[in-house]
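Visitor: dropping a prediction and its sequence here:
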Amino acid sequence: MKNVEIFTDGACSGNPGPGGWGAILRYNGNEKELSGGAADTTNNRMEMTAVLQALTALKEACNVTLYSDSQYVCNALKLGWAKKWKANNWMRNKKEPALNPDLWEKLLEQYDRHNVTVVWVKGHAGHPENERCDRLAVEQAKKYA
């Protein structure tokens with residue numbers, strides 16, 4: 001399997017509000033940037049969309065190292081929260097529904113296609129790829145403001 005690095009970030013102006021996402025895929029010294037946005041969304045949905053779009057862009061199963069500054073996304077994947085929510089009919093516990101089940105459903109499908117190692121990075125702390133993804137996300141959010 002190919003070894004791919006993915007860097008992602010999401011941004012939202014207001015929460016909810018206009019948002020954007022950015023991703024960088026790196027394989028064998030080559031990089032590809034992806035980005036997009038939505039008029040009325042949340043920061044978490046943009047963080048998730050960045051990961052979903054990046055994983056979906058991979059044409060075959062890969063060993064992926066995923067870098068994200070979203071604790072929500074990292075913990076839900078790494079600690080298995082999202083899979084538990086799905087197993088519990090998209091409930092976080094007996095009283096609270098899990099948020100964003102539509103995106104989690106698609107994201108888990110892509111996540112399971114690959115061998116993914118999730119790495120949390122501190123946002124806005126000078127991590128070059130995270131800063132680039134943030135710029136991509138903010139640019140996209142501005143298109144919907």
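Guide: All right, it came through fine. Numbers count the residues shown, from 1 in each chain.
Visitor: surely residue 56 touches residue 107?
Guide: No: contact criterion CB atoms under 8 Å: residue 56 and residue 107 do not qualify, at 9.3 Å. C-beta coordinates here come from the backbone N, C-alpha and C atoms, glycine included.
Visitor: out of those two, which sits in the more crowded spot?
Guide: More crowded of residue 56 and residue 107, by other CB atoms under 10 Å: residue 107, with 22 against 14.
Visitor: please name the nearest non-neighbouring residue to the more buried one.
Guide: Spatial nearest neighbour of residue 107, excluding adjacent residues (CB to CB, 6 or more residues apart in numbering): residue 52 at 4.8 Å.
Visitor: burial of that neighbour, as a residue count?
Guide: 23.
Visitor: check contacts around it.
Guide: Shown in contact with residue 52 (CB atoms under 8 Å, 6 or more residues apart in numbering): 103, 106, 107, 110.
Visitor: wait, is it part of a strand?
Guide: No: counting by DSSP: H, G, I helix; E, B strand; the rest coil, residue 52 is not part of a strand but helix.
Visitor: could you measure from it over to residue 2?
Guide: Per CB to CB, to the nearest Å, residue 52 is found 19 Å from residue 2.
Visitor: now swap in residue 73 and tell me
Guide: Residue 73 is 22 Å from residue 2, by CB to CB.
Visitor: when those two are compared, which one has more neighbours?
Guide: More crowded of residue 73 and residue 2, by other CB under 10 Å: residue 73, with 24 against 13.
Visitor: next, find the distance separating that one from residue 143.
Guide: Using CB to CB, residue 73 is found at 23 Å from residue 143.
Visitor: again with residue 60
Guide: Residue 60 is 32 Å from residue 143, where distance means CB to CB.
Visitor: who's more crowded, these two?
Guide: Legend: neighbour count by other CB under 10 Å for residue 60 and residue 143, higher for residue 143 (13 against 8).
Visitor: that one contacts residue 20, doesn't it?
Guide: Yes: contact between residue 143 and residue 20 holds when scored by CB under 8 Å: they sit 7.4 Å apart.
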